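Visitor: one predicted model, sequence on top.
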Amino acid sequence: MPKNVTPYKDSELGKKEQVAQMFDTISEKYDGLNRVISFGIDVKWRKKVLKMVADTQPQTILDIATGTGDLAILMANTSATEIIGADISAGMLDVGRKKIAERKMDNKIKMVLADSENLPFDDNYFDAITVAFGVRNFETLEKGLSEILRVLKPGGIFVILETSVPTQFPYKQGYTFYSKFILPAIGKLFSKDKSAYAYLSESASVFPYGEALNNILRKIGFIEVQNLPQTFGVATIYSASKK
């Protein structure tokens with residue numbers, strides 16, 4: 001089981017509540033800061049996720065840990081008639097709803113306050129489910145993945161976009177230095193919550209990636225599991241399906 005890193009080490013709240021509080025705090029600056037810390041490459045990664053999902057011609061899509069809705073908004077470019085973005089942070093969802101309203105997509109994308117480990121949806125409902133930079137924030141990874149499997153239709157596609165750790169020199173050493181020193185420093189410049197980006201860095205460094213996450217997905221019951229490293233391995237796209 002992955003190490004359970006929390007944003008606020010002196011807090012009496014559980015990880016779930018701490019994560020919601022952290023993202024509420026940084027929600028207004030999250031999009032801009034995300035572009036800065038990833039040098040904008042995250043946009044390219046999300047477009048790859050979009051293509052994988054679009055190729056399956058889904059009618060219903062669930063984007064879990066949707067945050068401010070970047071990936072949910074991209075999914076409007078698929079054949080889907082119903083797109084739901086779910087997150088535990090009300091602050092992030094508020095920002096996302098504003099973006100959706102500005103694009104006049106209210107009739108196609110719905111933002112819902114929901115817990116990934118207790119999803120308020122029927123079994124076998126969604127043709128496609130995505131999670132971008134969110135699975136490492138699950139309080140109990142296996143429980144969250146089991147819920148995703150439950151609401152995914154048989155034959156549906158599940159795609160994860162998540163940070164990972166490069167394994168080859170010099171990318172591994174460069175990533176370690178960047179995530180340990182540079183990323184938290186940038187976070188402090190942009191956000192009053194000094195713990196937020198230190199947490200994001202630490203949680204990324206201890207979260208299982210590559211074949212380790214593949215094996216967890218298979219253990220939960222997913223099939224056709226594969227992983228596609230991105231940009232020297234600093235992120236990975238995982239895809240899976242359901243019997």
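Guide: Thanks, I have it.
Visitor: just checking, next helix/strand downstream of the helix-or-strand element of the chain with minimal mean pLDDT?
Guide: For the chain, using mean pLDDT, DSSP states H and E, the weakest element among its helices and strands is helix 183-190, scoring a mean of 72. Heading C-terminal from helix 183-190, the first helix or strand you meet, by DSSP states H and E, is helix 194-206.
Visitor: pLDDT averaged over that following helix - what is it?
Guide: The average of the pLDDT scores along helix 194-206 is 78.
Visitor: which parts of the longest helix anywhere in the chain are buried?
Guide: Determined from DSSP state H, the single longest helix within the chain is helix 15-37. Buried residues in helix 15-37, counted by 16 or more other C-beta atoms under 10 Å: 15-27, 29-31, 33-34, 37. (Each C-beta comes from the backbone N, C-alpha and C, glycine too.)
Visitor: how far off helix 194-206 does it point, in degrees?
Guide: 90 degrees (axes from the mean of the first three to the mean of the last three C-alpha atoms, to 10 degrees).
Visitor: send me helix 15-37 as PDB with only the CA atoms.
Guide: This file holds the C-alpha atoms of helix 15-37, laid out as PDB (Å, rounded to 0.1, in the frame of the first residue of the first chain):
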ATOM      1  CA  LYS A  15      -5.900  12.900   4.600                       C
ATOM      2  CA  LYS A  16      -9.200  13.400   2.700                       C
ATOM      3  CA  GLU A  17     -10.200  16.500   4.700                       C
ATOM      4  CA  GLN A  18      -6.600  17.900   4.500                       C
ATOM      5  CA  VAL A  19      -6.500  17.500   0.800                       C
ATOM      6  CA  ALA A  20      -9.900  19.200   0.300                       C
ATOM      7  CA  GLN A  21      -8.700  22.100   2.600                       C
ATOM      8  CA  MET A  22      -5.400  22.400   0.800                       C
ATOM      9  CA  PHE A  23      -7.000  22.700  -2.700                       C
ATOM     10  CA  ASP A  24      -9.700  25.100  -1.400                       C
ATOM     11  CA  THR A  25      -6.800  27.300  -0.300                       C
ATOM     12  CA  ILE A  26      -4.900  27.300  -3.600                       C
ATOM     13  CA  SER A  27      -7.900  27.000  -6.000                       C
ATOM     14  CA  GLU A  28      -7.800  30.600  -7.400                       C
ATOM     15  CA  LYS A  29      -4.100  30.300  -8.400                       C
ATOM     16  CA  TYR A  30      -4.000  26.600  -9.200                       C
ATOM     17  CA  ASP A  31      -4.300  26.800 -13.000                       C
ATOM     18  CA  GLY A  32      -1.600  29.400 -13.400                       C
ATOM     19  CA  LEU A  33       0.800  27.700 -11.000                       C
ATOM     20  CA  ASN A  34       0.200  24.400 -12.700                       C
ATOM     21  CA  ARG A  35       1.300  25.800 -16.000                       C
ATOM     22  CA  VAL A  36       4.500  27.300 -14.400                       C
ATOM     23  CA  ILE A  37       5.600  24.200 -12.500                       C
END
